[in-house]
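>>> need coordinates for the following:
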Amino acid sequence: MKTPSKNLWKLIQSMSISEKGYFIKFAKRHVQEKDNNYIKLFTEINLQINEYDENQIKEKFRE
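Down below sits the predicted model:
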């Protein structure tokens, strides 16, 4: 089993608002589907302000 890594969470938390906006625009441009998993995952990780909780992410995207 993989051990949880906080590196992605740290990266997202260190981004400025404009960098986050640029990422969302970039992800929308490269995935034409209505349900963009990159943006969903980015948003969920971004909402975890104080601490990264991988189990919460897994539970959210279980289906």
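>>> okay, strands next: where are they in the protein?
Counting by DSSP state E, no segments of the chain form strands.
>>> for the helix ranked longest in it, which outside residues touch it?
Residue-count comparison of every helix in the chain, with assignments taken from DSSP state H, identifies helix 17-30 as the longest. Under the criterion Cβ atoms under 8 Å, 6 or more residues apart in numbering, residues 12, 15, 36, 38-39, 42, 46 lie in contact with helix 17-30. No exception for glycine: its C-beta is placed from N, CA and C like everyone else's.
>>> kindly report the same for stretch 43-54.
If you take Cβ under 8 Å, 6+ apart as the criterion, stretch 43-54 is touched by 4, 6, 8-9, 12-13, 20, 56-57, 60-61.
>>> hey, C-alpha coordinates of that stretch in CSV?
Taking C-alpha atoms only, stretch 43-54 is exported to CSV below (Å, rounded to 0.1, in the frame of the first residue of the first chain):
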residue,chain,number,x,y,z
THR,A,43,-10.7,21.7,-5.8
GLU,A,44,-11.1,19.1,-3.1
ILE,A,45,-7.4,19.2,-2.2
ASN,A,46,-7.5,23.0,-2.3
LEU,A,47,-10.4,23.0,0.2
GLN,A,48,-8.3,21.1,2.8
ILE,A,49,-6.8,24.2,4.2
ASN,A,50,-5.2,23.1,7.5
GLU,A,51,-4.2,19.5,6.9
TYR,A,52,-4.1,17.0,4.1
ASP,A,53,-6.5,14.0,4.6
GLU,A,54,-6.1,11.4,1.8
